[in-house]
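*Asks:* Build me a model from this:
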Amino acid sequence: MPETDALTEDHTDLEDTRVTRRYFKKFEAITAHLARVAGVMETEGALNKREVEVLARYIIALGYTFRALANKYHMTGRMEGIGPGTLTFDREESGFPVHAELMQMASDAAQATKHLKTLPSQGKLKDQMVKEIVGGLTIPTKLQYAMSQRLYYEEMAKGELFWPQMDADAIWLGNTGEGRDVRRRYLVHWAVYDSGLNLPTIYLLEVEDTGRTALPKDESRWPEVQAHLSAQAVGGLKLVTIATGFDRDFPDLHPKRLRRFHVGPMYSHAFTRQTGPLRDVLAEARAPAGEDWALAWTVEELESERVETEKSGWFGRVEREVFALDPFSGRGADTGATRLTRAVILPQRPFQVLAEKNPPGFRDVRKFVVSPGGQVLSYW
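*Replies:* Model prediction:
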């Protein structure tokens, strides 16, 4: 049956076990499809292998985060007086859990080892559940809750989750030039769970380094770069603002290409109530459980157009990047980017309705259509 009966109109907290599990099951499928979509983009030349590997790392981390949250809230609505409460998610805009949920996870992760020492092992909990079911003929609700919390803390103890802030890392791409003119090229990447948008956001920056010490090994510059990029990872800032500030704060680092990937919003007729054509498409599609969703995937891109030099101090000169902005209809000044690419990922039935309705504004949106078997088809 359609998922439209799963949630009442006014819920922002998921208070029922079945609904909570269905919500996380949906995201489990979405994150699996995201990796395949990135693979299609590599095949088409939109991303290279190294970039796909970086994006896949963040997507996998996002999947682990949702799995941890699914364990934490596995018994929502089943326990009276105790328990982790209810999952709060952004029903109006992003469709994702709110930023505070990940902040709480980060706090819990710091104490995961302590909790695991006090909780019974999985084997012991399973044995106790069997005894209660067979011997007491009762449902072992409290033991099930203890198991869910055990799995939650185990997931965090493993690490590799998507946290509210993912500090910058650098991948060496090679050198250009020779001798004193050598330039090291890096792909610097970082990510945040944007507190304003409640969305995971991934940044890729291609930079040339003319410093004396290789950037990741520079004990002075590298921590400053990491702190600077984390502070600038705000959805409301334009890419040109971020890149220009970086260019001026680090004279021997030259940003050549900056991209920002917005993973979401997630739309679902059962769970979210955003406005716009996708809401109508999903309502009309009446897709079965697991296929009532659509995920937006937006890429902002800023490229350096040329380099100019300007005076620095009494005798020095420094390079400054001049960035290319979108020349069409003055949009570059509005977006602060060279180009903006929008895509939507959705199952087959919602795509069929979208293709039939063909709403304005979606003709230039890339469509990635996914099947339960994992096949990904691409349409414009």
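*Asks:* Show me the strands in the stretch 51-200 of the chain, by range?
*Replies:* With DSSP state E, counting those that start in this stretch as the criterion, the stretch 51-200 of the chain has strands at 87-88, 165-176, 183-194, 199-209.
*Asks:* Neighbouring strands - and their directions - for the second one?
*Replies:* Same thing as strand 165-176. strand 183-194 (antiparallel) (DSSP bridges).
*Asks:* looking at the strands of the stretch 51-200 of the chain, which is closest to residue 109?
*Replies:* With C-beta to C-beta as the measure, strand 165-176 is the member of these nearest residue 109 (12.8 Å). Glycine gets a C-beta too; all of them are placed from N, C-alpha and C.
*Asks:* pull the helix or strand with minimum mean pLDDT from the protein.
*Replies:* Taking mean pLDDT, DSSP states H and E as the measure, the chain has helix 331-335 as its least confident helix or strand, at a mean of 61.
*Asks:* Can you point out the buried residues in the next helix or strand after that one?
*Replies:* Per DSSP states H and E, the first helix or strand lying C-terminal to helix 331-335 is strand 339-347. Judged by neighbour count using 16 or more other C-beta atoms under 10 Å, the buried positions of strand 339-347 are 339, 340, 341, 343, 344, 345, 346, 347.
*Asks:* What of stretch 178-185?
*Replies:* By 16+ other C-beta under 10 Å, the buried positions in stretch 178-185 come out as 183, 184, 185.
*Asks:* Quick check: which of those residues has the minimum pLDDT.
*Replies:* Among the buried residues of stretch 178-185, residue 183 carries the lowest pLDDT, at 91.
*Asks:* Any idea what that one is bridged to?
*Replies:* Bridge pairing for residue 183 - DSSP bridges - gives residue 176.
*Asks:* Could you do residue 301 as well?
*Replies:* Under the criterion used (DSSP bridges), residue 301 bridges to residue 259, residue 339.
*Asks:* Now flag whichever of the buried residues of strand 339-347 is closest to residue 156.
*Replies:* residue 345 (27.7 Å).
*Asks:* how much space between that closest one and residue 307?
*Replies:* Distance of residue 345 to residue 307, given as C-beta to C-beta, to the nearest Å: 37 Å.
*Asks:* re the thing from before, out of the buried residues of strand 339-347, which one sits closest to residue 142?
*Replies:* Using C-beta to C-beta, the buried residues of strand 339-347 come closest to residue 142 at residue 347, 37.8 Å.
*Asks:* List the contacts of that closest one.
*Replies:* Residues in contact with residue 347 (C-beta atoms under 8 Å, 6 or more residues apart in numbering) are 287, 290, 291, 293, 369, 370, 371, 372.
*Asks:* could you flag which of those residues are buried?
*Replies:* Buried among the contacts of residue 347 by 16+ other C-beta under 10 Å: 287, 291, 293, 369, 370.
*Asks:* what about the residue nearest to the first one when sequence neighbours are not counted, neighbour count?
*Replies:* Nearest residue to residue 287 in three dimensions, chain neighbours excluded: residue 349, at 4.6 Å (C-beta to C-beta, 6 or more residues apart in numbering). Residue 349 sits with 18 neighbouring residues when counted by other C-beta atoms under 10 Å.
*Asks:* And for the one 3 residues further on?
*Replies:* Counted with other C-beta under 10 Å, the burial measure for residue 352 works out to 16 neighbours.
*Asks:* Wait, it touches residue 285, no?
*Replies:* Yes - Residue 352 is within contact range of residue 285, at 7.4 Å (criterion: C-beta atoms under 8 Å).
*Asks:* Longest helix in this structure, please.
*Replies:* Assignment by DSSP state H gives helix 17-43 as the longest helix of the chain.
*Asks:* got the buried residues for it?
*Replies:* Within helix 17-43, the residues that count as buried by 16+ other C-beta under 10 Å are 19-20, 22-24, 26-27, 29-31, 33-35, 37-38, 41-42.
*Asks:* Quick one: mean pLDDT for that helix?
*Replies:* 89.
*Asks:* just checking, what packs against it?
*Replies:* Other elements packing on helix 17-43 under the criterion 3 or more C-beta pairs under 8 Å, 6 or more residues apart in numbering; DSSP states H and E are helix 49-72, strand 253-267, strand 294-312, strand 339-347, strand 366-370, strand 376-379.
*Asks:* repeat that for 10 Å
*Replies:* With contacts taken as 3 or more C-beta pairs under 10 Å, 6 or more residues apart in numbering; DSSP states H and E, helix 17-43 sits against strand 13-14, helix 49-72, strand 87-88, strand 253-267, strand 294-312, strand 339-347, strand 366-370, strand 376-379.
*Asks:* Please identify the deepest-packed of the ones you listed.
*Replies:* Highest mean neighbour count of those: strand 253-267, a mean of 22 (counted as mean count of other C-beta atoms under 10 Å).
*Asks:* Now it - C-alpha only, PDB.
*Replies:* The C-alpha trace of strand 253-267 is given here as PDB (Å, rounded to 0.1, in the frame of the first residue of the first chain):
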ATOM      1  CA  LEU A 253      47.900  28.700  -1.900                       C
ATOM      2  CA  HIS A 254      46.100  29.300  -5.200                       C
ATOM      3  CA  PRO A 255      42.500  28.000  -5.500                       C
ATOM      4  CA  LYS A 256      41.800  26.900  -9.000                       C
ATOM      5  CA  ARG A 257      38.500  25.100  -8.700                       C
ATOM      6  CA  LEU A 258      36.000  24.900  -5.900                       C
ATOM      7  CA  ARG A 259      32.900  22.700  -5.900                       C
ATOM      8  CA  ARG A 260      30.100  22.300  -3.400                       C
ATOM      9  CA  PHE A 261      27.800  19.200  -3.400                       C
ATOM     10  CA  HIS A 262      24.400  19.600  -1.700                       C
ATOM     11  CA  VAL A 263      23.000  16.100  -0.900                       C
ATOM     12  CA  GLY A 264      19.300  16.800  -0.600                       C
ATOM     13  CA  PRO A 265      16.600  17.800   0.100                       C
ATOM     14  CA  MET A 266      14.800  14.400   0.300                       C
ATOM     15  CA  TYR A 267      11.200  14.500  -0.700                       C
END
